[in-house]
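Engineer: Provided below for reference: sequence and predicted model.
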Amino acid sequence: MFDTKAQKAILVLEDKTTYYGWSLDACDSAIGEVVFNTGMTGYQEVMTDPSYKGQIVTFTYTEIGNTGINDQDDESVRPSIKGIVTRNLCLESSNWRKNQSLIDYLKENQIAHIYGIDTRALTKHLRKTGTMNGYISTVCLDPIVLQNKILVEREQDNRDIVKQVSTSNEYQFILKTNSTIIYNQYRSQKINQDINVHIIVVDFGVKTNILRNLFKYTKYITVVPSETSSKEILRHKPDGILLSNGPGDPALLTYAVDNVRDLIKTNIPLFGICMGHQILSLAMGFKTFKLKFGHRGLNHPVGYRKQIEITSQNHGFATISNPKLDEDVLINQKNYNDNTIAALCHRKHPSFAVQYHPEASPGPHDSLNLFEHFIRIAIMVKSDPFIVRQSQNKMQS
């Protein structure tokens with residue numbers, strides 16, 4: 001472990017709100033959008049989730065770090081967050097899977113952090129005013145200077161950051177053998193893994209656990225960059241296409257929306273998760289908007305007609321309802337906290353999406369069945385390509 005001598009640190013928000021705390025010298029400064037996550041577990045998964053690219057994450061749970069960091073729970077090769085904010089930071093971690101302490105991990109990956117502040121007060125402030133950019137610093141402790149730097153950074157907010165987290169080259173996903181022990185709770189699936197369906201995953205910032213869940217059902221998974229054209233995707237002759245999660249504003253990804261609009265017409269089953277949900281929604285004709293403080297946590301209720309599932313969520317944007325699209329699109333789940341769209345499906349094409357994370361790492365397992373549902377649709381359409389056309393003809397008649 002490196003020198004754990006604490007030094008003074010400061011967090012300044014865009015509206016000049018200032019918090020003073022401490023840091024253990026992992027990284028002297030960071031600027032990014034300050035958001036909060038309400039999960040009681042899963043800090044490692046949060047820090048390695050590409051959807052948090054460029055953000056400073058406030059953990060509302062009072063202490064993190066007590067289970068350290070392990071090799072199995074990373075959601076990407078490297079963390080994408082700019083910094084973390086917490087009430088207490090555990091120095092002595094203990095867990096049978098631990099490979100290193102959180103403190104060492106923060107230093108190794110140059111992740112800025114501040115602890116010892118009232119995270120409840122910070123979270124309440126963000127809920128009231130909305131998420132905004134902030135600055136963590138251990139070098140400059142002058143709030144005015146830091147706020148001026150935040151305002152300069154704000155001018156660059158309209159950037160496509162998906163390209164920064166998406167894979168540069170396509171690859172075949174293979175599950176590492178040592179991961180099967182950790183995820184043995186997934187042995188209850190009803191579909192044999194030896195089925196011969198080829199799934200394309202469009203990587204907008206895909207979490208590893210999405211790929212793990214697909215690998216339960218098929219060994220033929222190809223991950224492609226976010227900018228891959230629909231023509232190139234079709235060249236692979238996929239039986240199903242998954243649109244992954246990812247960071248940033250979906251409206252900036254016009255190339256992805258155009259590609260998905262073309263893919264919908266092919267009747268190849270499409271499954272969108274989080275950012276993938278928003279991309280599919282835009283391709284169907286919906287519009288998106290930025291939420292005041294986003295949905296980030298493990299206990300978000302979604303459902304329809306008194307049925308409920310508890311879900312893991314992480315997104316700052318949502319889809320706007322449009323009654324004009326009711327003839328073609330079914331809204332089959334709402335978020336019970338704020339009534340935003342949580343799931344939708346096309347009435348004429350095998351395309352559906354959810355505004356939450358069914359891969360459930362960390363989080364509840366209520367919606368894990370969606371992966372099996374997606375695979376079943378892919379199998380059905382592959383075995384009888386005319387089944388979709390028959391269904392469309394019945395609807396038209």
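Structural biologist: Cool, got the structure. Numbers count the residues shown, from 1 in each chain.
Engineer: in this structure, which segments are predicted with low confidence?
Structural biologist: Scanning the chain for pLDDT under 70 picks out the ranges 1-4, 155-157, 177-194, 388-397.
Engineer: Give me the helices and strands touching the longest helix along the chain, please.
Structural biologist: In terms of residue count, the longest helix belonging to the chain (DSSP state H) is helix 369-383. If contacts are counted by 3 or more C-beta pairs under 8 Å, 6 or more residues apart in numbering; DSSP states H and E, helix 369-383 sits against helix 208-215, strand 240-243, helix 387-396. (C-beta placed from N, C-alpha, C; glycine too.)
Engineer: And the chain, split by domain according to the record?
Structural biologist: Taking automatic domain parsing as the reference, the chain has its domains at 7-154, 162-396.
Engineer: Can you lay out the ones you listed as a markdown table showing mean neighbour count?
Structural biologist: Listed next are those as a markdown table, based on neighbours: other C-beta atoms under 10 Å:
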| stretch | mean neighbour count |
| --- | --- |
| domain 7-154 | 19 |
| domain 162-396 | 19 |
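Engineer: any idea how far the closest residue to residue 245 other than its chain neighbours is from residue 69?
Structural biologist: The spatial neighbour of residue 245 that comes closest, neighbours along the chain excluded (C-beta to C-beta, 6 or more residues apart in numbering), is residue 274 at 3.8 Å. Applying C-beta to C-beta, to the nearest Å, the value for residue 274 to residue 69 is 24 Å.
Engineer: what do you get for residue 219?
Structural biologist: In this view, residue 219 and residue 69 are 29 Å apart by C-beta to C-beta.
Engineer: for this protein, what spans make up the helices?
Structural biologist: 43-48, 102-108, 119-129, 143-154, 162-165, 179-182, 208-215, 230-235, 254-265, 275-284, 369-383, 387-396.
Engineer: could I get these as a markdown table with distance to residue 23?
Structural biologist: Formatted as a markdown table, the helices of the chain follow (distance: least, C-beta to C-beta, whole Å):
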| stretch | distance to residue 23 |
| --- | --- |
| helix 43-48 | 16 |
| helix 102-108 | 9 |
| helix 119-129 | 15 |
| helix 143-154 | 14 |
| helix 162-165 | 25 |
| helix 179-182 | 32 |
| helix 208-215 | 29 |
| helix 230-235 | 45 |
| helix 254-265 | 38 |
| helix 275-284 | 31 |
| helix 369-383 | 40 |
| helix 387-396 | 56 |
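Engineer: nearest to residue 87, of these?
Structural biologist: Closest approach to residue 87 among those is made by helix 119-129 (4.8 Å; C-beta to C-beta).
Engineer: So what touches the closest one?
Structural biologist: Applying C-beta atoms under 8 Å, 6 or more residues apart in numbering, the contact partners of helix 119-129 are 11, 13, 15, 17, 19, 34-36, 58-60, 62, 85-87, 132, 292-293.
Engineer: Likewise for stretch 165-174?
Structural biologist: 50, 53, 76, 80, 201, 203-205, 211, 214-215, 219, 221-228, 246-247.
Engineer: repeat that with 6 Å
Structural biologist: 50, 53, 80, 203, 205, 211, 221-226 (C-beta atoms under 6 Å, 6 or more residues apart in numbering).
Engineer: same thing with stretch 100-117?
Structural biologist: Here stretch 100-117 has contacts from 1-2, 9, 11, 19, 21-24, 26-27, 30, 65, 68-69, 79, 83-86, 89, 93, 136, using C-beta under 6 Å, 6+ apart.
Engineer: and the residue nearest to residue 204 when sequence neighbours are not counted, backbone torsions?
Structural biologist: Closest residue to residue 204 apart from its sequence neighbours, by C-beta to C-beta, 6+ apart: residue 246 at 2.9 Å. Main-chain dihedrals, residue 246, degrees, to the nearest 10: phi 170, psi 170.
Engineer: Verify the contact between residue 246 and residue 203 for me.
Structural biologist: No: if you go by C-beta atoms under 6 Å, residue 246 and residue 203 don't touch, sitting 7.9 Å apart.
Engineer: that older thread, now the longest helix of the chain - C-alpha only, CSV.
Structural biologist: Extracted as CSV, the C-alpha positions of helix 369-383 are listed here (Å, rounded to 0.1, in the frame of the first residue of the first chain):
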residue,chain,number,x,y,z
ASN,A,369,-34.9,-13.5,-18.1
LEU,A,370,-34.7,-10.9,-20.8
PHE,A,371,-31.5,-12.4,-22.2
GLU,A,372,-33.3,-15.8,-22.6
HIS,A,373,-36.3,-14.0,-24.1
PHE,A,374,-34.0,-12.3,-26.7
ILE,A,375,-32.3,-15.7,-27.5
ARG,A,376,-35.6,-17.4,-27.9
ILE,A,377,-36.8,-14.8,-30.4
ALA,A,378,-33.5,-15.1,-32.3
ILE,A,379,-34.0,-18.9,-32.5
MET,A,380,-37.6,-18.5,-33.5
VAL,A,381,-36.9,-16.1,-36.3
LYS,A,382,-33.9,-18.1,-37.5
SER,A,383,-35.9,-21.3,-37.7
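Engineer: Now for residue 60: which residues touch it?
Structural biologist: Residue 60 makes contact with 36, 38, 119, 123, according to C-beta under 6 Å, 6+ apart.
Engineer: ok, now with 10 Å
Structural biologist: Residue 60 sits next to 36-40, 85-87, 119-120, 122-123, 296-297 when contact means C-beta atoms under 10 Å, 6 or more residues apart in numbering.
Engineer: One more: residue 276?
Structural biologist: Residue 276 makes contact with 201-202, 204-206, 210, 241-246, 250, 256, 260, 270, 353-355, according to C-beta under 10 Å, 6+ apart.
Engineer: Alright, I will stop here.
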